[in-house]
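[1] quick one, what's the 3D model for this:
(one chain, ligands or ions: 1)
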Amino acid sequence: MNFSNENSYAAEADAKDPLRHFRKKFFIPKQADGSDVIYLAGNSLGLQPQTVREYLEQELKDWAEFAVEGHTKAKNPWLPYHEFLTSQTAKIIGAKNEEVVNMNSLTTNLHLLFVSFYRPEKNKHKILIESNSFPSDYYAVESQIKYHGYDVAESLIEIKPREGEDIVRTEDIEELIEREGDEIAVIWMAGVNYYSGQAFEMGKIVKAGHKKNCIVGFDLAHAAGNIELKLHEWNADFAVWCNYKYMNGGPGAIGGAFVNERHLNDRSIPKFLGWWGHDKKSRFLMDHKYIPIPTVESWQLSNPPILQLASLKASLDIFEEAGMSALRKKSEMLTSYMEYLIKGEINNGIQIITPAEKNERGCQLSLRIAGNGKEKFNRLLDKGVICDWREPDVIRAAPVPLYNSFGDVKRFVGILSEG
Ligand SMILES: *Cc1c(COP(=O)(O)O)cnc(C)c1O
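    The predicted model follows:
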């Protein structure tokens, strides 16, 4: 791409951006002088869609007006409310409608799906994860191993980048699975690693895993709403994600889960049950004869929090309007532009550890800062940049195509290069 480091380039790129009007659909936090902050932390908490209030108010109004009858009489009846999000969610994840549901939260869903898909046996009890996996994933997996009576030292395998490298090579993952796959029960990887920003080649990992009869699941926390996903086509077994990062569902938003249709009606799969997984037509007969919904909804336990679903729905409607492929196109440009500026303007100790290949990353760049990185980070904060710091030496910056501009990226790199 023909980038330039002139200020006029950013202004022109913004003027030509077909998605530029989406920024106005979000609340951008302000600095003390009233100007917008440079918000590059959508990988931690997505900004608030301006329509959220209206979606919530509708439900508050219907609760006031109808109380219990809101389950059927609300403008958006609460009984089937989660279904209003299904097809939009399926598009984001690249799945069939039957394969996705929004429920609980990420780590809770991780445990619920491990109950179903981690069934260790004497000679096949291992779980493969990334060496720099997110702590919650690590703890969850560790506790699952212990819960089943296995020894973490023996049952947990971590795949690491090669010495001196930051990125895990796909060939190394494939080689490890080929070598140890007979003993691996579950392969559990991120879609996009939260620290390095590496997007894994999920299709290839599934293929390698299935060849060795491993179940392959993904944590899509940093992938959902960021990169284009094809979970069904890749034939992944299961996945979970949160909806408060790129999905803009709000702090602590309701989470999401995917189960491949192959498993949906397999009665041999163990599952923790609740009444919301029971067949919708006979649920209220309350007769203790469990009939599962023939979709991933059978993994639901409780009736869901409607206000959470309403808040997420506001964002999903925006995603639908913009479209993932258009968002991804802009995202690739924004991130490549940031990379170009950092490489061109700064030659003082900033190393981009995120892959340079666009298919191997989402929007985030992870910058390893030599010397006193924390000081640099604090200076960014003082100057109105919101990004984040990850010990020991990394700044993560994520330009999000829904609301970030080329101007944001230009100003960010300008401040970063100040010293
Ligand atoms: C953000 C994130 C989580 C957070 O888990 P919650 O259960 O939503 O608190 C877990 N795993 C990964 C990989 C994440 O990026």
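
[2] how is the residue in the stretch 201-350 of the chain that the ligand sits nearest to assigned, secondary-structure-wise?
    Distances between the stretch 201-350 of the chain and the ligand by C-beta to the nearest ligand atom are smallest at residue 221, namely 3.2 Å. No exception for glycine: its C-beta is placed from N, CA and C like everyone else's. At residue 221 the chain is in coil, as set by DSSP: H, G, I helix; E, B strand; the rest coil.

[3] need the pLDDT of it.
    The score at residue 221 is 98. That number is its pLDDT.

[4] go on, residue 346?
    67.

[5] run the chain-centre distance for the strand ranked longest in the chain.
    Using DSSP state E, we find that the single longest strand of the chain is strand 184-190. With C-alpha atoms, centre = their mean, to the nearest Å as the basis, strand 184-190 stands 17 Å off its chain's centre.

[6] pretty sure the residue of the stretch 201-350 of the chain closest to the ligand contacts residue 243?
    No: using C-beta atoms under 8 Å, residue 221 is not in contact with residue 243; the gap is 9.5 Å.

[7] now residue 62, nearest residue through space, not along the chain?
    residue 74 (3.7 Å; C-beta to C-beta, 6 or more residues apart in numbering).

[8] can you tell me the element the residue lying farthest from the centre of the chain falls in?
    Residue farthest from the centre of the chain, counting by C-alpha atoms, centre = their mean, is residue 287 at 38.1 Å. Counting by DSSP states H and E, no helix or strand carries residue 287.

[9] who touches the biggest helix by length in the chain?
    Using DSSP state H, we find that the single longest helix of the chain is helix 324-345. Helix 324-345 is contacted by residues 1, 3, 5, 13, 17-19, 91-92, 225-228, 319, 350, 352, 356, 358, 361-365, 367, 397, 399-402, 404, 406, 409-410, 412-414, 416-417 when judged by C-beta atoms under 8 Å, 6 or more residues apart in numbering.

[10] same check on stretch 51-60?
    Contacts for stretch 51-60 (C-beta under 8 Å, 6+ apart): 25, 70, 74-76, 78, 250, 306-307, 310-311, 313-315, 317-318.

[11] those strands in the protein, which residues are they?
    Going by DSSP E, the chain shows strands at 38-39, 100-102, 126-130, 156-159, 184-190, 215-219, 238-241, 256-259, 350-352, 365-369, 385-386, 388-390, 394-397.

[12] partner strands of the last one, parallel or antiparallel?
    Just to be clear, that refers to strand 394-397. strand 365-369 (antiparallel), strand 388-390 (antiparallel) (DSSP bridges).

[13] the ligand is nearest to which of these?
    strand 388-390 (11.5 Å).

[14] got the buried residues for the closest one?
    Neighbour-count burial for strand 388-390, counted by 16 or more other C-beta atoms under 10 Å, picks out 388-389.

[15] repeat for stretch 227-237
    Neighbour-count burial for stretch 227-237 [16+ other C-beta under 10 Å]: 227, 229, 231-232, 234-237.

[16] now that stretch: average pLDDT?
    98.

[17] same check, this time on stretch 376-385
    94.

[18] ok now it, how far from the chain's centre?
    26 Å.

[19] before we move on, what about stretch 210-223?
    With C-alpha atoms, centre = their mean, you get 14 Å for stretch 210-223.

[20] cool, and stretch 54-62?
    Worked out by C-alpha atoms, centre = their mean, stretch 54-62 lies 27 Å from the chain centre.

[21] write out the residues of the stretch 151-300 of the chain neighbouring the ligand.
    190, 194, 219, 221-222, 242 (C-beta under 6 Å from any ligand atom).

[22] 5 Å - rerun?
    194, 219, 221, 242 (C-beta under 5 Å from any ligand atom).

[23] which residues does the second one contact?
    For residue 219, the residues meeting the contact criterion (C-beta under 8 Å, 6+ apart) are 106, 110, 134, 137, 188-191, 239-241.

[24] ok, residue 320 - how many residues close by?
    Other residues near residue 320 number 13, with proximity taken as other C-beta atoms under 10 Å.

[25] chain neighbours aside, what residue packs nearest to it?
    residue 88 is the one closest to residue 320 (C-beta to C-beta, 6+ apart), at 5.3 Å.

[26] so the one you found sits right up against residue 314, yeah?
    No: Residue 88 sits out of contact with residue 314 when judged by C-beta under 8 Å, with a separation of 11.3 Å.

[27] mind checking how far the closest residue to residue 48 other than its chain neighbours is from residue 39?
    Among residues not flanking residue 48 along the chain, residue 27 sits closest, at 4.7 Å (C-beta to C-beta, 6+ apart). According to C-beta to C-beta, to the nearest Å, residue 27 and residue 39 sit 10 Å apart.

[28] now residue 61
    In terms of C-beta to C-beta, residue 61 sits 31 Å off from residue 39.

[29] name the residue in those two with the higher neighbour count.
    Neighbour count, other C-beta under 10 Å: between residue 61 and residue 39, residue 39 has more, with 23 against 13.

[30] residues in a beta bridge with the more buried one, which ones?
    If you apply DSSP bridges, the partners that residue 39 bridges to are residue 386.

[31] mind checking pLDDT for it?
    98.

[32] surely it and residue 47 touch.
    Yes: under the criterion of C-beta under 8 Å, residue 39 makes contact with residue 47 at 6.5 Å.

[33] any residues in contact with both of those two?
    With C-beta under 8 Å, 6+ apart as the test, residue 39 and residue 47 both reach 28-29, 403.

[34] now, among the residues you listed, which is nearest to the ligand?
    residue 403 (19.3 Å).

[35] for burial, what's the neighbour tally of that closest one?
    Residue 403: 24 neighbours (other C-beta under 10 Å).

[36] how near is it to residue 218?
    26 Å.

[37] counting neighbours, what do you get for residue 9?
    17.

[38] from residue 16, how far out is it?
    For residue 9, the distance to residue 16 - C-beta to C-beta - is 11 Å.

[39] what does residue 212 give?
    Distance from residue 212 to residue 16, by C-beta to C-beta: 48 Å.
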